[in-house]
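> Give me the fold of what follows.
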Amino acid sequence: MKKILAQHKIPFSLLIFLSILSCQPQTKLILEDKHSELKRANQSFYGTTLPFASEAVYFLMTDRFVDGDSTNNQVDQGGKYPTFQQPIISKEGKKAYVGYMGGDFKGILDNADYISEMGFTSIWITPIVDQPDQAFAGGEPIEFGGAFKDGGKTGYHGYWGSNFFKIDEHLPSKDLSFKQLTESLRNNYGIKTILDIVLNHGSPAFSMPINQEKFGQIFDSSGKLIADHQNVEPKDLDENNPLHRFYNKKTEIVQLSDINENNPEVLDYFTSAYLHWIDQGADAFRLDTLKHMPHAFWKKFSDNIREKHPDFFMFGESYSFDAKFLAEHTQPENGGISVLDFVGKQSITKVFEDPNSDFSDIKSYLYLQHSPYQSPYELMTFYDNHDMARMNATSNGFIDANNWLFTSRGIPVIYYGSEIAFMAGTSEHAGNRNYFGVENIAKAKADPIYLSLSKIANLRKNSIALQKGLQVNLEFKNNKAAFYRIYEHDGVHQTALVLLNKGDNTAAFEIKKYLSEGTWQEAFSEQKIKINAGSQLQTDVEAHQVKVYLLNHSNQNSALRKKLTELMNSKG
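Just a heads-up that it's a prediction; the model follows:
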């Protein structure tokens, strides 16, 4: 008894009460009940407490979203190697573009309400730093549907940095700098800015028939040239030439300059550059080509950033479908960097591109127990992006995928246009990155994918269980999936029971396992159901729909609490 009282710091007045009570019948039972209540009150169950786990991310390529200011389009830029539009055309007349299309900061801000109303709380934008001012004259010419060729392409995407302190001239307007953009998004729309950053490479650096300004060059904050590939093959770089020391004598990605991670000046340069953009309002970083640089480099970089900005959130692109390999990046000794969940992407598209798939096929990537990741609940979950083919699904497939993405573990990321199945199934140079524009935004608001996405995203926006709760799977079979998301921590208690139907017919659900008694409320209809001990919840879910029942107090089901304790002890 003394151990119980000391452990739970019971007040002296209660101690006297319990001493008196101990002389009465049934004291043992009362004390045991009191001990159970105290134990429950002190238990915490959650998938993560990471603040950024509350976010839902809309990923847009700034140049391809909306042209809000035509005066910054630079339509005559490039001379013999022009940079504007530059279509590549298939034999059937289909078009993709490797030049600038006019999207800019004003296009984002003018449509921030569209993004916010859909339920998103963060925007991930492509790199904003200065790019070369011509199309690349070297390499192999890119053609419609091609890949791993940069000839004829421009830096519209932002990944060919030449001055990592300077904004590219295609993006700002007279009255709208990057800092003004981030402040307005945050203060007026409640939207954070995730900045895509590159450290692994600069611009295309060799094979040009002429010397092209900025290609293979890097400038410092004052505009001084500090690195120059000088249009020579990597193997011919001279270690004694100060301008060559920024680069490795190898290349991994076509003709891109390969940054020398072993040069201390490189780390200093990029640390200073990206601290500058945090000062200008970046709330988080997406790290490009993570796997192409060693863990030791990323550890130093992340330490440098977090020394000034503790707990600054970063996630990276490590293009791999091996969970153990991806998980290495997430470990503290390697920088504690979250990753895009490519393993999950593979499972998600497999299930939702195929109407005849089985929901049981989606579970393998979750790693809810004994996970190789530092935390599976902090991964960025997605089904497509700018570097791969867009998901090739029907409208119902997109609806089902979004219902899953916004209720299951992880931080959801949606690529611009997926709310209307924009260019579904197309790859990078076959339409994946085509211009979106205000016409598609206007059309989106009547699209069933947009309407369904807005519904489930806004629910997640207001549900801590869906954002951060432990996931407890119940049923995954045929077209049905049922699971709990449970968050009980620091006096906040919420359980979400998620019921998904990806089939063409109404599905009946009967839930009894781990079901706690109490009043559950269906989130969309607000219908309330009283559950007594030992009873079950029965409901129908219409075709390609979701129901979410919420319980806003602590779970009393002893079997569930045992399962939650097991999950808490075996998450990683």
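> burial measure for the residue lying closest to L379 once chain neighbours are set aside, as a count.
Distance criterion Cβ to Cβ, 6 or more residues apart in numbering; nearest residue to L379, sequence neighbours excluded, is D341 at 4.2 Å. (C-beta placed from N, C-alpha, C; glycine too.) As a burial measure, D341 scores 26 neighbours (other Cβ atoms under 10 Å).
> Next up, the contacts around D341.
By Cβ atoms under 8 Å, 6 or more residues apart in numbering, the contact list for D341 reads 326, 365, 379-382, 410.
> Closest one to G572 out of the residues you listed, please.
When these are compared for distance to G572 (Cβ to Cβ), L379 comes out closest, at 12.2 Å.
> returning to that earlier point: looking at the residue nearest to L379 now. What's its pLDDT?
Note on D341: pLDDT of 98.
> measure it to K363 for me?
As judged by Cβ to Cβ, to the nearest Å, D341 and K363 stand 14 Å apart.
> what does E542 give?
Where K363 is concerned, E542 sits at a distance of 23 Å (Cβ to Cβ).
> higher neighbour count, those two?
More neighbours surround K363 than the other of E542 and K363, with 16 against 12 (other Cβ under 10 Å).
> what about burial for the contacts of D341, which qualify?
Among the contacts of D341, the ones that count as buried by 16 or more other Cβ atoms under 10 Å are 326, 365, 379-382, 410.
> Same list, the residues you listed, but as a markdown table with pLDDT please.
Listed next are those as a markdown table, based on pLDDT from 0 to 100:
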| residue | pLDDT |
| --- | --- |
| L326 | 98 |
| Y365 | 97 |
| L379 | 98 |
| M380 | 98 |
| T381 | 98 |
| F382 | 98 |
| G410 | 98 |
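> Which of those residues fall in helices?
The helices, defined by DSSP state H, take in L326 from the buried ones among the contacts of D341.
> Tell me how the protein divides into domains.
Following automatic domain parsing, one finds the domains of the chain at 2-42, 51-200+259-342+371-465, 468-569.
> Nearest to Y274 among the contacts of D341?
M380 (18.9 Å).
> who's in contact with the residue nearest to S347 when sequence neighbours are not counted?
Counting by Cβ to Cβ, 6+ apart, Y365 is the residue found nearest to S347 once chain neighbours are left out, at 4.6 Å. Under the criterion of Cβ under 8 Å, 6+ apart, the contact partners of Y365 comprise 323, 341, 343-344, 346-347.
> any chance you could map the strands in the stretch 401-550 of the chain?
411-415, 470-477, 480-489, 492-501, 507-511, 518-522, 528-531, 537-541, 545-551 (DSSP state E, counting those that start in this stretch).
> helices and strands around the second one, which ones?
Spelled out, that is strand 470-477. Contacts defined by 3 or more Cβ pairs under 8 Å, 6 or more residues apart in numbering; DSSP states H and E place strand 470-477 against strand 480-489, helix 558-569.
> The third one now?
Strand 480-489 sits against helix 464-468, strand 470-477, strand 492-501, strand 507-511, helix 558-569, with contacts defined as 3+ Cβ pairs under 8 Å, 6+ apart.
> Which of these sits closest to E522?
strand 492-501 (9.3 Å).
> other SSEs contacting that closest one?
helix 395-405, helix 464-468, strand 480-489, strand 507-511, strand 537-541, strand 545-551.
> If we go by neighbour counts, what in the first one is buried?
Neighbour counts using 16+ other Cβ under 10 Å place 396-405 of helix 395-405 among the buried residues.
> can you put these in JSON lines and add pLDDT?
Output for the buried residues of helix 395-405, formatted as JSON lines (pLDDT from 0 to 100):
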{"residue": "N396", "pLDDT": "98"}
{"residue": "G397", "pLDDT": "98"}
{"residue": "F398", "pLDDT": "98"}
{"residue": "I399", "pLDDT": "98"}
{"residue": "D400", "pLDDT": "98"}
{"residue": "A401", "pLDDT": "98"}
{"residue": "N402", "pLDDT": "98"}
{"residue": "N403", "pLDDT": "98"}
{"residue": "W404", "pLDDT": "99"}
{"residue": "L405", "pLDDT": "98"}
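> Throw these into TSV and include distance to S162, thanks.
Shown next, in TSV, are these (distance: Cβ to Cβ, whole Å):
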residue	distance to S162
N396	45
G397	41
F398	38
I399	42
D400	43
A401	38
N402	38
N403	43
W404	41
L405	36
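> Determine which two of those residues are furthest apart.
N396 and L405 (14.7 Å).
> got any ranges where the stretch 1-150 of the chain has weak pLDDT?
1-41 (pLDDT under 70).
> at 50 what do you get?
1-18, 20-23, 27, 29-32, 34-35, 38 (pLDDT under 50).
> so where do the helices sit in it?
2-7, 12-21, 27-42, 62-65, 105-110, 112-117 (DSSP state H, counting those that start in this stretch).
> just how off-centre is the fifth one within its chain?
Using Cα atoms, centre = their mean, to the nearest Å, the mean C-alpha position of helix 105-110 is found 21 Å from that of the whole chain.
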